[in-house]
Structure formats: structure tokens, C-alpha cells
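1. Give me a 3D structure for the following:
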Amino acid sequence: MAKIKLTKGELKRERDNLQQYQRYLPTLQLKKQQLQLEILQQLNVLGEKNQAKDKKKEAAKAWLGLLTEPGINLKQWLLPSSVVIGAKSVAGVDLPVFERIEFVHAEYDLFIMPLWVDFAIEALRQIVSAQEEIKIIEKGIEILRQELRITTQRVNLFERVKIPEATKAIRLIKIYIGDQMANAVGRSKIAKRKIEQAMFEGALV
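-> Numbers count the residues shown, from 1 in each chain. As a prediction, this is how the structure comes out:
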């Protein structure tokens, strides 16, 4: 804590600071709660998306062996051409939101390719899409956690440092000013008594 100036001007400054801290702290506390809640919600969503992806992968195991057939190469049609990402604001924090994934149009000879290829491409694209969505959710959670760390630090700074320091400073300055006023009153009374005594003694001469 910096050295306190024991003046009325400093008293006003510390009072203004305290009011500002007390006014701003509830906003920070609310933001902290909102971030914590959003992280929990996003973790739940992440868990659900991972489960859904795992089910898709499990379902695909039944026919994945078919992909080893000669002339079957679906990788070129599973690479995303673009990932469309939106945004939303949570407690003043901008988060990425998965909207959709776009793939290159799969062009192949329907007479040469087996009938199951259409189904395989669609199923595998769903898995790729799910993986991309999970990445974006994980990125959003990391952004939220980083913002929560910063907000928590600010809440702690206000609660544990700034408000106690301002409160202590106000108390010390008020005590000092009160003592100064009491001393001034005491000196004034002494001076008054001396004047009265001098006037009394002068009257007796």
C-alpha cells in the first residue's frame, strides 16, 4: 500500500475510489458467474458432441473394411473446402460458433463405383463435420477459461486489495483529521482562556 496523504483532498479521492470499486465489483462478480455457467454448459455440449461422434464412428466400423477395395479412395471428397464459423457474445466475450462445413462436390462414375460409396461419403463427412465442430467448441471453452481467469483476478484484486486499502486509507485519514480538529479546538480553548485571563488581570490593575 502506497504512503497515504493525510489530507481532505486525499480523503475525497479515496472515497471516490471506494465508490467506484464498490460499483464496479458487482458487475465483475456477475460476469464471473456468467462465464462459469457458460463453461459448464459448453462442457456438457462438448460431452454430447463427443458421444455423438463416437456413435458415428462405431456405426462406420461395420463397413470401413470396404474402403480397402481397389479403386476406392474417398479422401479427396472428405476434405473440407470451407468451414463456416459464426460468433456469439457471452458476458462481453466473443466466441466462435460452428455453423456448417462445406465439401467439394463428389464426382465419380456411378456405374463403376459400388452403391455403398454414396452412403460412405455422407457418413464419413458427418464424422469430419463433428470433429470440426468439437474443435471449435474446445476453442470457445479455452477462450472462456482465459477470460474467467482474468475476471477472477480482477474480482480478487477489488475484494482483497483495492476495497480494503481504500477503506483503511479513509479510516486513517478521518482519524488524523479528527485528531487535528480536536487539537485545534484544544488550542483554541487554551488561547481563549489565556486571553480571558489576561483581560481579567488587566481589569484588576
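2. residues touching the nearest residue to Gln29 once chain neighbours are set aside, list them.
-> Nearest residue to Gln29 in three dimensions, chain neighbours excluded: Val155, at 6.0 Å (CB to CB, 6 or more residues apart in numbering). C-beta coordinates here come from the backbone N, C-alpha and C atoms, glycine included. Listed by CB atoms under 8 Å, 6 or more residues apart in numbering, the contact partners of Val155 are 25, 28-29, 32.
3. Tell me the one of the residues you listed nearest Phe98?
-> For the contacts of Val155, the minimum distance to Phe98 (CB to CB) is 26.0 Å, reached by Lys32.
4. ok, back up a step: phi and psi next, for the residue nearest to Gln29.
-> As for Val155, its main-chain torsions (degrees, to the nearest 10) stand at phi -60, psi -50.
5. Just the pLDDT for the residue positioned nearest the centre of the chain.
-> Of all residues in the chain, the one closest to the mean position by CA atoms, centre = their mean is Glu147, 2.9 Å from it. On pLDDT, Glu147 comes in at 97.
6. is it true that it touches Gln36?
-> No. Counting by CB atoms under 8 Å, Glu147 does not reach Gln36; the two are 10.8 Å apart.
7. list residues touching both of those two?
-> With CB under 8 Å, 6+ apart as the test, Glu147 and Gln36 reach no residue in common.
8. which helices and strands sit right next to the longest helix seen in the chain?
-> In the chain, with assignment by DSSP state H, the single longest helix is helix 8-60. Packing contacts for helix 8-60, counted by 3 or more CB pairs under 8 Å, 6 or more residues apart in numbering; DSSP states H and E, involve strand 80-90, helix 116-156, helix 163-204.
9. go again using 10 Å as the cut-off
-> strand 80-90, strand 93-103, helix 116-156, helix 163-204 (3 or more CB pairs under 10 Å, 6 or more residues apart in numbering; DSSP states H and E).
10. now that helix and helix 116-156, what's the angle there?
-> Interaxial angle, helix 8-60 versus helix 116-156 (axes from the mean of the first three to the mean of the last three CA atoms, to 10 degrees): 160 degrees.
11. Measure how far helix 8-60 is from the centre of its chain, please.
-> Averaging C-alpha positions (CA atoms, centre = their mean, to the nearest Å) puts helix 8-60 5 Å from its chain's average.
12. Show me the shaky parts of this structure.
-> Flagging of the chain using pLDDT under 70 yields the residue ranges 1-2, 64-73, 107-115, 182-205.
13. coming back round to it: figure out which of the helices and strands packed on helix 8-60 is closest to Glu10.
-> Here helix 163-204 is closest among the helices and strands packed on helix 8-60 (CB to CB), at 6.0 Å.
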